[in-house]
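Asker: when you get a sec, could you give me coordinates for this:
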Amino acid sequence: MVSSKGRTWLYVGITSFKGKISLTFLLLLFAAPCFAAGGACPSGAVYTMENSASLNTLASYGVTSCYYVSKSIGSDSSYDGTQETVSGSHGPFAHLPGMPSCTNNCAALKPAAGEGFILRGGDTWTASDLGIVWQWNGSSSSPIYIGVDQSWYSGSSWARPIFTCGGSAAATGCSNSAGGSWAQTQVWGTYVTVDNIEFTGLYMLSTGSYPVSAVQLGQPHAELENSYAHGWYRDTGSGGDDVQLFNTYTGGGATQMVGTSIHNNVVDGYDSYLAGVYTGVGVDGGGASIYNNVVRYVFNGLNGPFDSLTGNLIEHIDFSASSGAHCNGIYNKGAVSTPTGMVVANNVIRDSSAPGCVVTYLDAEPCSTCVTYFYNNVYYNWPGIDFPMVTAGGDGNNGGTFYYYNDTISTDGPYCVGNGYIGGSMNTAYYANMHCISSNSGTLSICGGASATCTDNAPGHSRLETLTSANSNGYCEPGVGGCTATWPFAPSSGSSPTVGLGANETSQVSTFGAAFAYDTTLAVGYNSTNHTVIIPGRTSNGRPSSVAWNAGAYMNAASLNPPTGLTAVVK
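Answerer: Numbers count the residues shown, from 1 in each chain. Take a look at the predicted model:
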């Protein structure tokens, strides 16, 4: 580069220009969209990325540069996406990278680690925008965030951004008519968080060969949180299990899902009822940690295998629309990626109208060394069931070892928990400190089933009783038969039969997990107006380190005071 007569020239070896080109001309010739590293990110400490239990800023997670997206005021051609408001060339995109409708400046952007993409609350993206394929990676120190700023919204108050297919069978990403592209949002990047989006309008064709999903997580360390799925549709002849609202793809094996989580979400099929049955699977796939979700009015709640299932409220499970698919609360089948410590804890399953369903089926086969810890769960009101509310399966193969500790279960069946009820099993099952309540007229036991081998690890420290006996002792279902209790089947006083009955199992806390040192959180609550979860469903009490525990999921009568000051964590 040289200077001559006030002009700067760049020698580039193009002989037709005598070896030199004006720098101004060169820049114009090769002009292309140029982006700063995004704009400033929202600064509020209101985010729960990377499975954090506390609220923090995006910057604290390593998200330091943000782009903004608004369908109502944005433009892919006029703005650079770097701010919420419009000023010259600065303003939001209309679309998110990965959307089929993303063009111009939006399409030129290549998302990178440490970037956030903020969707305007209340805006709606429709069928032509969906079938999103997100293929960009974050990192452990600089993840990618796709979510919201609750101070930025259209309308008079905050609402989630909406991805809707409108019940249309025509568009890619909205139905299974297009074959391989069958999810509204597919996340194929690592260390990516999707947060606080409303997904609706999925459509399942009877002629389709693939299921449809609202979100599919396909790579390690992907996270879905605080979102709401509802309002899906299906042809009359389609399978009820082919609408998988939240899905984890494990085609590459369980290790593909290491670090993946789905939490604080709501799947509510109340507005998806058809022909006398509910359809859809709340969460389907495997390998992930599933916690603090509300799943209701579906035929299959959680269908695994998963690494851990904790704090989930599953209710209103009904028969499947497909004759070949059975309904389940939890169906966790197959080897998991953490075989020595599968945890199922603090869940609530209740209020089903389908007696032929499987409430919870746990099976890690074929994995003789796998261990499952089942504790602090509360199950009730599943009428007509004639097999255990919880079954350790195996289908003839060894599914490992199962521990049932400190659960409260009310059932119509003869057993509360089972071992090998479905198929012959070589499983090993242990129980302790259980509270088992049954309305069955036959011979009752806490643990049973075909070819069952159940061992009581703390003889004399569990309680088995009929429903009539439980009711007379103050254990009852709120709102049923005049019951005014706050918590289902909890002790009503310090002299209730389960109080002080249990063995002290403090020595097991380091093995079962830290949550075992406390009694049940009773999963989560549900705000049906805002469609958010309330965490926890009940304030838990610490279990003593040196004196007797209670039998069942509740620690003591003092815990019967309802929690106060609860707020919805979902943003």
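
Asker: make it CA atoms for all contacts and neighbour counts henceforth
Answerer: Noted.

Asker: what segments of the stretch 401-550 of the chain are strands?
Answerer: Along the stretch 401-550 of the chain, counting by DSSP state E, counting those that start in this stretch, strands occupy 401-405, 408-411, 415-419, 428-432, 435-438, 445-448, 454-456, 463-466, 525-527, 532-534.

Asker: make JSON lines from those and add mean neighbour count to it.
Answerer: What follows is the strands of the stretch 401-550 of the chain, written out as JSON lines (neighbours: other C-alpha atoms under 10 Å):
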{"stretch": "strand 401-405", "mean neighbour count": "24"}
{"stretch": "strand 408-411", "mean neighbour count": "28"}
{"stretch": "strand 415-419", "mean neighbour count": "28"}
{"stretch": "strand 428-432", "mean neighbour count": "22"}
{"stretch": "strand 435-438", "mean neighbour count": "28"}
{"stretch": "strand 445-448", "mean neighbour count": "22"}
{"stretch": "strand 454-456", "mean neighbour count": "17"}
{"stretch": "strand 463-466", "mean neighbour count": "18"}
{"stretch": "strand 525-527", "mean neighbour count": "18"}
{"stretch": "strand 532-534", "mean neighbour count": "25"}
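
Asker: and those strands: which comes nearest Val148?
Answerer: When the strands of the stretch 401-550 of the chain are compared by C-alpha to C-alpha, strand 532-534 sits nearest Val148, at 15.0 Å.

Asker: mind checking how far the closest one is from the chain centre?
Answerer: 13 Å (C-alpha atoms, centre = their mean, to the nearest Å).

Asker: got the buried residues for stretch 512-526?
Answerer: For stretch 512-526, the neighbour count (16 or more other C-alpha atoms under 10 Å) marks 512, 515-526 as buried.

Asker: next, the distance between the ends of it.
Answerer: Using C-alpha to C-alpha, to the nearest Å, the span of stretch 512-526 from its first residue to its last is 27 Å.

Asker: contact partners of it?
Answerer: 292-294, 310-313, 341, 343, 346-348, 373, 375-378, 506, 509, 532-544, 553-555 (C-alpha atoms under 8 Å, 6 or more residues apart in numbering).

Asker: what about it, average pLDDT?
Answerer: Mean pLDDT, stretch 512-526: 97.

Asker: ok, now stretch 437-451?
Answerer: Averaged over stretch 437-451, pLDDT sits at 85.

Asker: stretch 139-154 now?
Answerer: For stretch 139-154, mean pLDDT rounds to 97.

Asker: how far away from the center of its chain is that stretch?
Answerer: Centroid separation for stretch 139-154 versus its chain: 18 Å, with C-alpha atoms, centre = their mean.

Asker: stretch 501-511 now?
Answerer: How far stretch 501-511 lies from its chain's middle: 29 Å, per C-alpha atoms, centre = their mean.

Asker: can you show me the CA trace of it as PDB?
Answerer: Extracted C-alpha coordinates of stretch 501-511, given in PDB (Å, rounded to 0.1, in the frame of the first residue of the first chain):
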ATOM      1  CA  LEU A 501     -42.300 -44.400  62.900                       C
ATOM      2  CA  GLY A 502     -39.500 -44.300  60.300                       C
ATOM      3  CA  ALA A 503     -35.900 -45.400  60.700                       C
ATOM      4  CA  ASN A 504     -33.200 -42.700  60.600                       C
ATOM      5  CA  GLU A 505     -31.600 -43.000  57.200                       C
ATOM      6  CA  THR A 506     -29.200 -40.100  57.400                       C
ATOM      7  CA  SER A 507     -26.400 -42.400  56.400                       C
ATOM      8  CA  GLN A 508     -28.000 -42.800  53.000                       C
ATOM      9  CA  VAL A 509     -28.100 -39.100  52.100                       C
ATOM     10  CA  SER A 510     -24.600 -39.100  50.600                       C
ATOM     11  CA  THR A 511     -25.700 -42.000  48.400                       C
END
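
Asker: which outside residues touch it?
Answerer: By C-alpha under 8 Å, 6+ apart, the residues outside stretch 501-511 that reach it are 432-433, 458, 461-462, 515-517, 544-552.

Asker: kindly list the main-chain dihedrals of Leu302?
Answerer: Phi and psi for Leu302, reported as degrees, to the nearest 10, are phi -130, psi 120.

Asker: please tell me how far Val499 sits from Thr466.
Answerer: Val499 sits 18 Å away from Thr466, going by C-alpha to C-alpha.

Asker: now swap in Ala458 and tell me
Answerer: 21 Å.

Asker: and for Asn328?
Answerer: Using C-alpha to C-alpha, we find Asn328 at a distance of 25 Å from Thr466.

Asker: do Pro536 as well
Answerer: Here the criterion is C-alpha to C-alpha. By it, Pro536 lies 30 Å from Thr466.

Asker: in the stretch 401-550 of the chain, which spans are helices?
Answerer: For the stretch 401-550 of the chain, applying DSSP state H, counting those that start in this stretch gives helices covering 467-472, 509-512.

Asker: which among the ones you listed is found nearest to Val194?
Answerer: Closest approach to Val194 among these (C-alpha to C-alpha): helix 509-512, 29.9 Å.

Asker: buried residues in the closest one?
Answerer: Phe512.

Asker: centre of the chain to that helix, how far?
Answerer: Averaging C-alpha positions (C-alpha atoms, centre = their mean) puts helix 509-512 24 Å from its chain's average.

Asker: before we move on, what about stretch 218-227?
Answerer: Mean-position distance between stretch 218-227 and its chain equals 9 Å (C-alpha atoms, centre = their mean).

Asker: what mean pLDDT does that stretch get?
Answerer: 95.

Asker: likewise stretch 312-326?
Answerer: pLDDT averaged over stretch 312-326 gives 78.

Asker: just use 643 as the starting number from now, easier for me
Answerer: Yep, numbering from 643; the last one is stretch 954-968 now.

Asker: first to last residue in that stretch, what's the distance?
Answerer: 20 Å.

Asker: hang on, isn't Tyr795 packed against Ile804?
Answerer: No - using C-alpha atoms under 8 Å, Tyr795 is not in contact with Ile804; the gap is 11.7 Å.

Asker: and for those two, which residues touch both?
Answerer: Gly764, Asp765.

Asker: check the gap between the closest residue to Cys708 other than its chain neighbours and Gln725 for me.
Answerer: Nearest-residue entry for Cys708: Gly758, 4.4 Å, with adjacent residues in sequence omitted and distances by C-alpha to C-alpha, 6 or more residues apart in numbering. Note on Gly758: its distance to Gln725, by C-alpha to C-alpha, is 12 Å.

Asker: show me which of the contacts of stretch 1143-1153 are buried.
Answerer: By 16+ other C-alpha under 10 Å, the contacts of stretch 1143-1153 give 1074-1075, 1100, 1103-1104, 1157-1159, 1190-1194 as buried.

Asker: for the stretch 993-1142 of the chain, what are the low-confidence residue spans?
Answerer: Applying pLDDT under 70 to the stretch 993-1142 of the chain flags residues 1006-1008, 1035-1039, 1062-1068, 1091-1094.

Asker: circling back to that earlier point, looking at the buried residues of stretch 1154-1168, which is nearest Ser1135?
Answerer: Nearest to Ser1135 out of the buried residues of stretch 1154-1168 is Asp1161 (C-alpha to C-alpha; 16.2 Å).

Asker: right, I'll leave it there.
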